[in-house]
Structures are given as structure tokens and as C-alpha cells.
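Peer 1: What shape does this take:
(4 chains)
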There are 2 protein chains.
Amino acid sequence: MLALKALANPVRLQILNWLREPRRYFSDQQVGDLDVDGVCVSVIQRRADLSQSTVSQYLTDLQRAGLVQSKRVGQWTYYRRDEEGIRRFLEELERAVGPGESDSS
Amino acid sequence: MLALKALANPVRLQILNWLREPRRYFSDQQVGDLDVDGVCVSVIQRRADLSQSTVSQYLTDLQRAGLVQSKRVGQWTYYRRDEEGIRRFLEELERAVGPGESDSS
DNA sequence: TGCCTAAATCGATCATTCTCGATATATTGA
DNA sequence: TCAATATATCGAGAATGATCGATTTAGGCA
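Peer 2: Numbering: from 1, shown residues only, chains lettered A, B, ... in the order given. Reported below is the predicted structural model:
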């Protein structure tokens, strides 16, 4: 389960968390619309305080896990949450580990 | 988040899954009550087809993550799901990555 | 075309995880 | 107490993950 592996890393988990409120955590972004387009790599990198390559890789991981979407606009790549994919992941996890046959009769 | 790391391993995830229906997956257990006591290590090991030490370690990992409980009865250690802990984990995850400020107004 | 910036990929290193067999500990029963 | 069985822990090797700097790819603009 790619998403579980992706979220097992605290930084990746936090990035996904930050992306819930782009205006709050990435207000320094000059370009694009935070809500519509998403947040570009360099802005996330600044916040995460890791190298550019690491953050780029993390975002690719999150995308392959179906948790974020990317959109290339000019020279920037904007990332934003894939709410649909996140919902699917949570549902799948619920099915996998959530309560089984409870006899709440 | 210990639980996320624990579940990032497919075998550990599957063990937790199996434990939802002990009667179904561990019907070969001779000792104890599957539902009341849980499933002992050697029975899980047989099903997982990994070494005894690995399975024992996995179960310890799941326990430290708050996903299973153990009960020592004689020479056996029975493991069963910690439904309360699992619920807490799922809720925490929901808070951490679930939908943020949706303006469903 | 040529430079500048953004992002992605590559290659390497160090840390962590996976997994095993061997050993240690604990419990039961003769 | 001794032997047998169940489980836990230890130590090690291989595989994977984390993370970096360097390089490559790509777009924008003079």
C-alpha cells in the first residue's frame, strides 16, 4: 500500500497536512493561486527545510500514492491535495483494519 | 506515528486483518478460545509463513503501536486486536490527513 | 539562441527496516 | 529438578529508505 508507506514518513505526512490550508502555511508564495493551482515545490521546500531534491522526491512519492495531484504551469509545478484519492485511501484503510464483524445486535 | 510505520509493512497489515476473523483464519488453533483469548504466536506464524522471531517481532511492533493487545496464558501469548486503539489510530489519521476546512456551505 | 530559474533525476552515503538463525527466558508437566 | 514447548530477544546480513549535492531537463524571457 503505497499511501501507507508514504505517510509513514513524518515530513510527508506533514506536507499533506500543510496542504489542507495553503493560505495559512504557504502565504509567501508569489505565483499562481494557492487554492486553485496549489503550492509549488520551492515554497514547500522552504517550509520543510530539506533539500530541493528531497522535497521533490517526497512530492513524487505522495503523488504516486494518489494523495496529491500536480499541475505544471510554466516553470512551476504546483501540488495540491487529491481529496478524492485521500478519501479512497482512508476508505480502503478502514476496510482493511477497521472494525470487522461486530455483532452489535 | 508508530501505527503508520507498523501498517506500512504488508505482513503486519495482513495480520491485523486476519485477526478480525480469528475463526476463519486460525481455525487450527488447539488451545484457548480464539475470540476471547486471541491467537497465539505459533499459529499466526504458520499462516504468515515467516520465521518465529520475525512474527514475534511483528506482533510486538503492532502492540507498541497500540493496534493489538497481548495476554500471556501459561506458555502461550495470545494476541488479539485492540479495537479501541485501532479506532483511536483511525481517528487520529482522519484528523491528520482527512478533509480539512471544506466549505460545504 | 543563450541565460536564468524551477523542478526532476542521478549517484552516493548513511540510517532504518526486514528477516533470519541462534540464544535466552518462561511455563508446564513428568 | 529436568526436558519440552512457546515466546522473546539478540546479532547479523541484505534490502530499502532518507537525504544530500550535482547534474539534467524544461520553460520563460531578453
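
Peer 1: in what helix or strand does residue A:69 lie?
Peer 2: According to DSSP states H and E, residue A:69 maps onto strand A:68-73.

Peer 1: Partner strands of that strand and their direction?
Peer 2: Strand pairing for strand A:68-73, using DSSP bridges, gives strand A:76-81 (antiparallel).

Peer 1: Could you write out the alpha-carbon coordinates of the partner strand in PDB?
Peer 2: Only the C-alpha atoms of strand A:76-81 are listed here, as PDB (Å, rounded to 0.1, in the frame of the first residue of the first chain):
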ATOM      1  CA  TRP A  76       6.500  25.800 -11.800                       C
ATOM      2  CA  THR A  77       4.900  22.500 -10.700                       C
ATOM      3  CA  TYR A  78       2.000  23.100  -8.300                       C
ATOM      4  CA  TYR A  79       1.000  20.400  -5.900                       C
ATOM      5  CA  ARG A  80      -2.300  20.200  -4.200                       C
ATOM      6  CA  ARG A  81      -4.200  17.500  -2.300                       C
END
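
Peer 1: and that strand, is it in reach of DNA strand D?
Peer 2: No: using Cβ under 7 Å from any atom of the strand, strand A:76-81 never reaches DNA strand D; the gap is at least 8.3 Å. For the C-beta atoms, the positions are set from N, CA and C on the backbone; glycine is no exception.

Peer 1: Going by contacts, tell me the helices and strands next to the helix or strand just after that strand.
Peer 2: Counting by DSSP H and E, the next helix or strand C-terminal to strand A:76-81 is helix A:83-97. Packing partners of helix A:83-97 (3 or more Cβ pairs under 8 Å, 6 or more residues apart in numbering or on different chains; DSSP states H and E): helix A:2-7, helix B:10-18, helix B:83-97.

Peer 1: buried residues in helix A:83-97?
Peer 2: Across helix A:83-97, burial judged by 16 or more other Cβ atoms under 10 Å in any protein chain shown covers A:83, A:85-86, A:89-90, A:93, A:97.

Peer 1: how far away is residue A:66 from residue A:80?
Peer 2: 13 Å (Cβ to Cβ, to the nearest Å).

Peer 1: brain fart, residue A:62
Peer 2: 11 Å.

Peer 1: repeat for residue A:33
Peer 2: Distance, residue A:33 to residue A:80, by Cβ to Cβ: 10 Å.

Peer 1: ok, now residue A:41?
Peer 2: Using Cβ to Cβ, we find residue A:41 at a distance of 12 Å from residue A:80.

Peer 1: just residue A:20 next, same as before
Peer 2: Residue A:20 is 10 Å from residue A:80, by Cβ to Cβ.

Peer 1: Now residue A:81. Nearest residue, chain neighbours left out?
Peer 2: Of all residues not flanking residue A:81 in the chain, residue A:19 sits nearest, at 4.8 Å (Cβ to Cβ, 6 or more residues apart in numbering or on different chains).

Peer 1: Surely the one you found is in contact with residue A:39?
Peer 2: Yes: with contact defined as Cβ atoms under 8 Å, residue A:19 reaches residue A:39; the gap is 6.6 Å.
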